[in-house]
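1. 3D, please:
(chains A and B)
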Amino acid sequence: MQYKDTPYFHVAHARDLKGKDRLIYRLLEILPGFLSWGTLILIVWLAAYKPVWAAVFIIIFDLYWLMKTVNLSIYHHHNWKRIRHNIKKDWRGLLQNMRHEHIYHLILLPFYKEGRDVLENTIDALAESDYDTSKLLLVIAAEERAGEEFHQIARDLKEKYDGQFGDILITIHPKDIPGEIAGKGPNITYAAEEARIRILDFRNIPYENVICSAFDVDTVVYPKYFACLTWHFLSEEDPQKVSFQPVPLYNNNIWQAPMLSRVAAISSTFWQMIQQERPEKLVTFSSHSIPFKALHEVGYWQKNMVSDDSRIYWNLFMANDGNYKTIPISYPVSMDANLAESTWKTLQNIYRQHKRWMWGVENIPYILFGFIKNKKIALKEKLHRTFVQVEGFWSLATNPIIILLLGWLPIVMGGDAFRDTVISYNLPNITRTIVTVAMLGLILSAVISINLLPPMPKEYKKRKRRWVIATLQWIFVPFTILFFGSLPGLDSQTRLMTGQYIGKFWVTPKHRKK
Amino acid sequence: MKPLSKKTRLKLIVLSLFVFLILVPMVLASSFGYRISSLGDVLTLIKTGGIYIHSDINNTEIYINDKYYKQSGRILRNTLISDLSPNKTYKVVIQKEGYNDWRKELLVYPSLVTESAILMLPSEIETEQIFPYEDDDGNGTTTAPVANDVVSDDPKGLYTEEYFMADIMFFDEKRLAEFDIDELGDDLINRLIDSGLEIDLIDSESESALDTESELGLDLADEDSLNATSTEEEKPDYFEVLGLEVESLDDLENLREKNEQIAWLEDGNVIVGWRDLNKTQHYYYCLFSEFGPDDEGYGETECRTKITVDWEDQIKYFEFLPGRDDVLVVLTYSGVYAVEIDDRSERNIQPIYVGEGLQFRISDDLGFVVKDGKDLYRIDL
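-> Just a heads-up that it's a prediction; the model follows:
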């Protein structure tokens, strides 16, 4: 039996399993939270009872973090150069040298209650692609639970854009299907299957010639996206064993978003840029593209969990016995930064969105359980992947806290005897110096962020001041990595550890100022 | 353009690891105070110590063993002097124009930081006379508008309110008993009550004094002292810790309490004691009994519970310096002085008001007041 046919291939949580498997899976769910909380509690305990040890750990950790930051800054800088290079590159010209006319792009646009303007913005960009748009098969994937008003928007858009694409299909995902959560995964899975029957099979398009792009509804593609994607697809030795990940820029409304939202959004972009330089760590995220044949073989996206975008990669990885990868195409797509009616509401939304992203930790038990069950994956690969994933979530949740908050703990909790030591006096100075040196990378971040920003709307006044703020906003990074990185990370891991699963996909509201 | 190759990334990681492995021992050794020192032609690794100076004055000049070290900051006034060879005594001098110098000889221990706090009062302390009367223009004057004998014995509103309030701080029980409360009048009593003045009445043992306090409706003694006085039950634990053989704190002369310290006069000296050993004692109570940290990285310490501030002359009266619990203001036959409690080397003593036959009092409302003869002066530190 192939792994994809096993009962645990589409498992969401331990409760979906029985007996020993359930126990193992449950223990694996506890692992990330245990490691993160264990680390923090250990540091607090050391600070109180073995403050010298705690100080030594913190200094070594600070140095490790400094080295890591230097490395990541180099990756970041290199990817910035790649993005600029790829934006300028003549992808269509490159395609002329290879047979590409047989390739179709199935584009899934799942939406819930987003406004018509959001959808129009997205579809306009698709229509204006520097690519043969007759090869673009558009699926506007509505939700029954959104109501008739939104179904009508889909119908209006189909009418408006009729003839501009190879096909436009409207799907309405039925509500309250048993075994499905309310979320994006069930919707795009439903849409993909509908498209298979009503477009691909109907038009006899071979699945292996189709690349399926699952886009968040606010995804505005850059003009050469499909040419770039097609080139990468055709250039792969085995194109059915790879997914493709663009770089999400949150530029659609970046000038409207408050400062903290901008920093959080651009930081997310930067993280994805860094991941693009470490393909072995890259998994699909947010808007991404997958060969339809591979997708169909694994039953599309999981319908019973929130992190469908990253889980589909792990589904494919397990189904292909580890012989599957994500290709970083280093070409951008533009999306919405968090923006709500008020700054406070915006901050709440950022936290919720990041908590949903951090809920990707639910993949850890899936991966490790799969590694236990799937004997065909090489041990070296398993160990490497395990380390990368576990360390990744552990770092996100704990590192900012250790760096920014716990450096002072031995001095506070270490007692009088420790406070008299040279190391207690040196600890804050050393921590501060290392963090400051590491933060010098923020200058690079500020330069890159300015370069990635879209032009400021012409009607904006006080333009110089806005540019200055857009540069200086980076001083808030310590705040954002703590409140929109560590805290939602710990929140998610604690939920998973205690079995309080997130059972509903929180849809980030798309709000744009008129 | 391709992603960074695995080979390039591996090189980066190896280079980072190399730098990391070099930095870790260097930074850790530096954090623990290790420095390379030359003993003749031989380089050796020594464990240095440091001195931390708490300061309430900015931009001071710091000298170590007569060599200029650095200037303290405008905002960050405290200074860490690090990398000092251990088991040596360092002469620390801190100077600032317009202030008395502060000098201390401090012993530095390996891997430990010796703390100290400066005492630097202005070299010219400003005094402002509190006049007993006002002339017709509202200016202060020492000339009484009516006959002196009437005024001094019957201050029914002829003294300025400020002078009267300051003066009453210096009343002893005999003087206070001379007041006929009925004759003071409601207006004056109300002024006293409204002022909320808390006056410590030294040697206030007599019944008459306490009766007077209660009649005035004023809290004339330190609240804690009164509590202790009225508590005739179980003695607090610190009686034993401090070796107090009195029945109550009220039996101690010139008792003063500040944070965890209590202080009293005994044979013309001030005894300062730490009354709660569960709380961290100030650094000057503890002395390292041996050089070098133990296995845990700490030094073995011996902490006292009492420190005696002795003086060549008899100390007649004392208070804690406002805002400090490590400095006393003492009254001797020759004047009023500020003196450190810290006795790890010769104490810094700085004059506040020099002269004979003085008295001083400190209150929250009126501040630091010195009585020189019949004149009262407010001291601005």
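
2. How is A:Pro246 assigned, secondary-structure-wise?
-> Reduced to three states with DSSP: H, G, I helix; E, B strand; the rest coil, the structure at A:Pro246 is strand.

3. what's the burial count for it?
-> By the criterion of other C-beta atoms under 10 Å in any protein chain shown, A:Pro246 has 29 neighbours. For the C-beta atoms, the positions are set from N, CA and C on the backbone; glycine is no exception.

4. From what I see, it and A:Lys224 are in contact.
-> No. Under the criterion of C-beta atoms under 8 Å, A:Pro246 lies out of contact with A:Lys224, with a separation of 11.1 Å.

5. Which neighbours do these two have in common?
-> Both A:Pro246 and A:Lys224 are contacted by A:Tyr331, under the criterion C-beta atoms under 8 Å, 6 or more residues apart in numbering or on different chains.

6. do the longest helix along chain A and chain B meet at all?
-> Across chain A, the longest stretch assigned as helix under DSSP state H is helix A:51-88. Yes. Judged by C-beta under 8 Å from any C-beta of the partner chain, helix A:51-88 comes into contact with chain B through A:52, A:55-56, A:59-60, A:63-64, A:67-68, A:70-71, A:74-75, A:78-79, A:81-82, A:85-86.

7. So among those, which ones count as buried?
-> Judged by neighbour count, with 16 or more other C-beta atoms under 10 Å in any protein chain shown as the criterion, the buried members of the residues of helix A:51-88 next to chain B are A:52, A:55-56, A:59, A:63-64, A:67-68, A:70-71, A:74-75, A:78-79, A:82, A:86.

8. Between these, which sits nearest B:Tyr377?
-> Nearest to B:Tyr377 among these, counting by C-beta to C-beta, is A:Ala55 at 50.9 Å.

9. how much space between that closest one and A:Ala48?
-> Distance of A:Ala55 to A:Ala48, given as C-beta to C-beta, to the nearest Å: 12 Å.

10. Mutual contacts of the two, please.
-> When contacts are counted by C-beta under 8 Å, 6+ apart, A:Ala55 and A:Ala48 are jointly contacted by A:Gly414.

11. how about the residues of the stretch 351-500 of chain A near chain B?
-> A:Asp416, A:Ala417, A:Phe418, A:Asp420, A:Thr421, A:Val422, A:Ile423, A:Ser424, A:Tyr425, A:Asn426, A:Leu427, A:Ile430.

12. Now with 7 Å, please.
-> Contact residues, the stretch 351-500 of chain A versus chain B (C-beta under 7 Å from any C-beta of the partner chain): A:Asp416, A:Ala417, A:Phe418, A:Asp420, A:Thr421, A:Val422, A:Ile423, A:Tyr425, A:Asn426, A:Leu427, A:Ile430.

13. after the helix or strand where the third one lies comes which helix or strand?
-> Per DSSP states H and E, A:Phe418 falls inside helix A:415-419. Sequence order places helix A:422-439 as the next helix or strand after helix A:415-419, per DSSP H and E.

14. now for that following helix, which elements pack on it?
-> Applying 3 or more C-beta pairs under 7 Å, 6 or more residues apart in numbering or on different chains; DSSP states H and E, one finds that helix A:422-439 contacts helix A:51-88, helix A:409-413, helix B:6-31, strand B:49-54.

15. one more time with 8 Å
-> Other helices and strands packing on helix A:422-439, by 3 or more C-beta pairs under 8 Å, 6 or more residues apart in numbering or on different chains; DSSP states H and E, are helix A:51-88, helix A:379-404, helix A:409-413, helix B:6-31, strand B:49-54, strand B:79-84, strand B:113-117.

16. quick one, the fifth one and strand B:79-84 angle?
-> Just to be clear, that refers to strand B:49-54. Angle, strand B:49-54 to strand B:79-84, by axes from the mean of the first three to the mean of the last three C-alpha atoms, to 10 degrees: 170 degrees.

17. Now look at strand B:49-54 and say if it contacts chain A.
-> Yes. Strand B:49-54 lies within reach of chain A by C-beta under 8 Å from any C-beta, at B:Gly49, B:Gly50, B:Tyr52.

18. need the contact list for the first one.
-> Taking C-beta under 8 Å, 6+ apart as the criterion, B:Gly49 is in contact with A:Val422, B:Gly33, B:Leu84, B:Pro86, B:Val108, B:Tyr109, B:Pro110, B:Ser111, B:Leu112, B:Val113, B:Thr114.

19. What's the separation between it and B:Ser16?
-> Between B:Gly49 and B:Ser16 the distance is 33 Å, computed by C-beta to C-beta.

20. what do you get for the second one?
-> The spacing between B:Gly50 and B:Ser16, counted by C-beta to C-beta, is 31 Å.

21. B:Leu107 and B:Thr89 touch, don't they?
-> Yes. At 5.0 Å, B:Leu107 and B:Thr89 qualify as touching, with contact defined as C-beta under 8 Å.

22. Those two - which one has more neighbours?
-> Just comparing B:Leu107 and B:Thr89: by other C-beta under 10 Å the higher neighbour count belongs to B:Leu107, 18 against 13.

23. Tell me the secondary structure at that one.
-> Relying on three-state DSSP, one would call B:Leu107 strand.

24. Please apply the same query to A:Asp130.
-> Reduced to three states with three-state DSSP, the structure at A:Asp130 is coil.

25. Does chain A have contacts with stretch B:85-93?
-> No. Counting by C-beta under 8 Å from any C-beta, no contacts exist between stretch B:85-93 and chain A, the nearest distance being 10.0 Å.

26. can you give me the offset of that stretch from its chain's centre?
-> Centroid separation for stretch B:85-93 versus its chain: 24 Å, with C-alpha atoms, centre = their mean, to the nearest Å.

27. before we move on, what about stretch A:86-105?
-> Per C-alpha atoms, centre = their mean, the displacement of stretch A:86-105 from the mean C-alpha position of its chain is 26 Å.

28. What is the end-to-end distance of it?
-> When the termini of stretch A:86-105 are compared using C-alpha to C-alpha, to the nearest Å, they are 20 Å apart.

29. State the mean pLDDT of that stretch.
-> The average pLDDT within stretch A:86-105 is 95.

30. Pull out the buried positions in it.
-> A:Asn86, A:Lys89, A:Trp91, A:Arg92, A:Leu94, A:Leu95, A:His100, A:Ile103, A:Tyr104, A:His105.

31. how near is the fifth one to B:Thr143?
-> According to C-beta to C-beta, A:Leu94 and B:Thr143 sit 105 Å apart.

32. With the second one instead?
-> Distance, A:Lys89 to B:Thr143, by C-beta to C-beta: 98 Å.
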